[in-house]
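*Asks:* A structural model of the following input is requested.
(one chain, ligands or ions: 1)
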Amino acid sequence: MSSLAEKLSTIVGAVFAAQDLPADLGVVRVSDRPDLAQFQCNGAMAAAKVAQKNPREIANDLVARLKENGDFAKIDIAGPGFINLDITDDYLAAHLAAVAADERLGVSTLEQEQTAVLDYGGPNIAKPMHVGHLRAAIIGDSLRRIMSFAGYKTLGDVHMGDWGTHMGMIISEYIKQGRAGEIMQIDLADDMAVDGLMQDLGEIYPKVAAACKEDDARKREAQDATVKIQNKEPQYFALWQKIKEASVIGMRNNYARLKVHFDLWKGEADVHDYIAPMVDDLKARNFAVEDQGALIVPVKRNDDNKEVPPLMLYKSDGGVMYGTTDLATIVERVKLYSPAKIVYFVDQRQHLHFEQVFRASRMAGIAGESVELTHAGFGTMNGPDGKPFKTRAGGVMRLDDLMSMAIDKARQRIDEAALAQDMTDDEKEDVAHKVAVAAIKFADLQNQRHSDYIFDLDRLTSFEGKTGPYMLYQAVRIKSLLKKAEAQGDVPSAGFVLRDEDRPLALLLTEMPDAFDAALRHYMPHHICEYAYKLANTFSSFYGSCHILSEEDEALKASRLALCALTCRQLETALSWLGIDVPERM
Ligand code: ARG
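*Replies:* Numbering: from 1, shown residues only. Alright, predicted model coming up:
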């Protein structure tokens, strides 16, 4: 199936072709002047250029042919040659019945399954997760859901930073302090002990990092320790494993609380063994060259309009770099999963890094032509002052604390709205959690990915405005309406009955595949937010302007209940693509 606009494009495209004009100029889209028409086609102007004729004349010929088609209720020409179209209610009702009968709600699926590896984690072990990890997780997990729905086999990889010098710093410090034994004794099944270790790591790391900055000898110690970890020397490696396992427990909890899922819990360490052979191969084929003691891959091109520095594989001190690991990770992913796409949801500020890695990968044929590599970057989450989000004291906000704040606020909102009067404590907690997740995710995802946005907890937890809680509230309202009507909302056998009050909602309900496709194609979930929000608002007007439960005309009542049910399904589905769960009631 497809959206209604796509279906009309095929019809109008065929009319263009019949006039010896390019069929693809017959694209029809939803009109931006709904007061004038439901749909529009602007192709006559471009066709006029091709045919070297007057656009109005071309439009006249096209309209004459289109009028032979009985599915249009109104066709006219505006301005220089815009074709305005309305469809008949019968045609609309039939399309809508097909959408309702389709378990995929009209959204098409890949003809052949393809694998997509999605990289949207990246937290470093031994450090607490903070708000900087939020956007990658929210946007990436949404795309995982969207791409799965589209028929991809998706593999979300957390790709944690577990192999860098920060681990050398920490482990050398524990050994110096004679605390290796104590750390090894920690029971990972004991939550308190794990928390204690994470706390300790949070304190120790900034101290060692500062010491290494000031003192070259201390820095060398840390570097030596890093090499020892990477060479798997027993004491070092065992400490590394312990710290990693403890960190992963914390990470899993954080992501679970945020309802973000990963399929692969891999880290940079997992590609260690791919690095040496990859580097040897790049050297042998002359892609990698020595440069002042370092090993680099030059990636600049003649047509670059900005400086693209070489990708550095080894520093002059022999340490591997961030780019080396990312390149080796491509080697690994291609080998293990044969993906058609690898998409990185990482801060836009790392764009140059990915440009370098992708170029090196392309040049050397590490990812073949058929593998699409994309950096889907995003902007910053700012505080109400417009600067990167911080705690009140000016520090980095921990993700866990942010979640707790959001849940507290959600609970308060639920109380204010007196929504929980007959809820058990458990149900209230569950609803508060769902409201908090919806608030945080919808506030993030509604922005075009590249833009920064302001995280304002007060505003984004409100039940009014373009917020997650408002979306939940609308979905739940429809659910309870259907419950009250004791109706499933099946499409009546005589089909939808469309009056003036029903038509805007009916038309909108045919647009979902367009929003889905735009989000999928550009890795931009805001198209789905936009659609869902419009749907919630249009439903609200519909609900306010016509009788549903009290409608006396049975056929009309059944049709309206079916519109309600379809709206509810679409809202829930759209929200599920955003990683937002709707409670049964609220
Ligand atoms: N650990 C990295 C950081 O803290 C982010 C990793 C993002 N993913 C990637 N494949 N490079 O900046």
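
*Asks:* which residues of the chain score low on pLDDT?
*Replies:* For the chain, no stretch is flagged by pLDDT under 70.

*Asks:* give me the residue from it nearest the ligand.
*Replies:* Using CB to the nearest ligand atom, the single residue of the chain nearest to the ligand is residue 122, 2.9 Å away. The C-beta positions use only the backbone N, C-alpha and C, and glycine is treated the same way.

*Asks:* Make sure residue 245 is indeed in a helix.
*Replies:* Yes - residue state for residue 245 (DSSP: H, G, I helix; E, B strand; the rest coil) corresponds to a helix.

*Asks:* From residue 561, how far out is it?
*Replies:* Counting by CB to CB, to the nearest Å, the gap from residue 245 to residue 561 is 53 Å.

*Asks:* need the residues of the chain near the ligand, please.
*Replies:* 119, 122, 124, 159, 161, 326, 344, 346 (CB under 6 Å from any ligand atom).

*Asks:* same thing but at 8 Å, please
*Replies:* 119, 121-124, 132, 136, 159-161, 268, 322, 325-326, 329, 344, 346-347, 350, 353-354 (CB under 8 Å from any ligand atom).

*Asks:* isn't residue 105 right next to residue 569, touching?
*Replies:* Yes - the criterion here is CB atoms under 8 Å, and residue 105 meets it with residue 569 at 6.7 Å.

*Asks:* Give me the secondary structure label for the residue nearest the centre of the chain.
*Replies:* Nearest to the mean C-alpha position of the chain, counting by CA atoms, centre = their mean, stands residue 139 at 2.9 Å. Assigned state for residue 139: helix (three-state reduction, three-state DSSP).

*Asks:* Just give the nearest non-adjacent residue to it, would you?
*Replies:* With sequence-adjacent residues excluded and distances taken as CB to CB, 6 or more residues apart in numbering, residue 139 is closest to residue 345, at 5.1 Å.

*Asks:* mind listing what that neighbour touches?
*Replies:* Counting by CB atoms under 8 Å, 6 or more residues apart in numbering, residue 345 touches 118, 119, 120, 135, 136, 139, 140, 143, 376, 378, 523.

*Asks:* Just those residues: which are in helices?
*Replies:* Using DSSP state H, the subset of these located in helices is 135, 136, 139, 140, 143.

*Asks:* Out of these, the closest to residue 93 would be?
*Replies:* For the ones in helices among the contacts of residue 345, the closest approach to residue 93 (CB to CB) belongs to residue 143, at 34.0 Å.

*Asks:* tell me, how many neighbours does the closest residue to residue 251 other than its chain neighbours end up with?
*Replies:* In space, and not counting its chain neighbours, residue 251 is closest to residue 123: 5.9 Å by CB to CB, 6+ apart. Using other CB atoms under 10 Å, the number of residues around residue 123 comes to 26.

*Asks:* Kindly format the C-alpha coordinates of stretch 156-175 as CSV.
*Replies:* Taking Å, rounded to 0.1, in the frame of the first residue of the first chain, the C-alpha atoms of stretch 156-175 are listed here in CSV:
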residue,chain,number,x,y,z
GLY,A,156,21.6,-1.5,17.7
ASP,A,157,25.2,-1.5,19.1
VAL,A,158,26.1,0.3,22.3
HIS,A,159,29.7,0.6,21.2
MET,A,160,31.0,1.7,24.6
GLY,A,161,34.4,3.4,25.0
ASP,A,162,36.2,0.7,27.0
TRP,A,163,39.7,0.7,25.6
GLY,A,164,41.1,4.1,25.9
THR,A,165,43.8,5.6,28.1
HIS,A,166,41.3,6.6,30.7
MET,A,167,41.2,2.9,31.7
GLY,A,168,45.0,2.9,32.0
MET,A,169,44.9,5.9,34.2
ILE,A,170,42.3,4.4,36.6
ILE,A,171,43.8,0.9,36.8
SER,A,172,47.4,2.2,37.4
GLU,A,173,46.0,4.3,40.2
TYR,A,174,44.2,1.4,41.9
ILE,A,175,47.4,-0.6,41.7
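
*Asks:* Three-state assignment for residue 77, please.
*Replies:* Per three-state DSSP, residue 77 ends up strand.

*Asks:* Make sure it is actually in contact with residue 60.
*Replies:* Yes - with contact defined as CB under 8 Å, residue 77 and residue 60 form a contacting pair (6.9 Å).

*Asks:* List the contacts of residue 69.
*Replies:* Contact analysis of residue 69 by CB under 8 Å, 6+ apart lists residue 11.

*Asks:* Could I get the phi/psi values of it?
*Replies:* Phi and psi for residue 69, reported as degrees, to the nearest 10, are phi -90, psi 120.

*Asks:* Residue 288 too?
*Replies:* In terms of degrees, to the nearest 10, the main-chain angles of residue 288 are phi -100, psi 130.

*Asks:* Is there a neighbour count for the nearest residue to it once chain neighbours are set aside? I'd like the number.
*Replies:* Taking CB to CB, 6+ apart, and ignoring the residues beside it in sequence, residue 288 has residue 282 as its nearest neighbour in space, at 3.8 Å. By the measure other CB under 10 Å, the count of residues near residue 282 is 21.

*Asks:* May I have the residues that are in contact with residue 282?
*Replies:* Residue 282 neighbours (CB under 8 Å, 6+ apart): 288, 297, 313, 364.

*Asks:* Make sure it is indeed in a strand.
*Replies:* No - checked against three-state DSSP, residue 282 lies outside a strand; its state is helix.

*Asks:* What distance do you get for it to residue 167?
*Replies:* Residue 282 is 26 Å from residue 167, where distance means CB to CB.

*Asks:* Run a quick check on residue 531 versus residue 571, I expect a contact.
*Replies:* No - the pair residue 531 / residue 571 is not scored as a contact, 9.7 Å apart, by CB under 8 Å.
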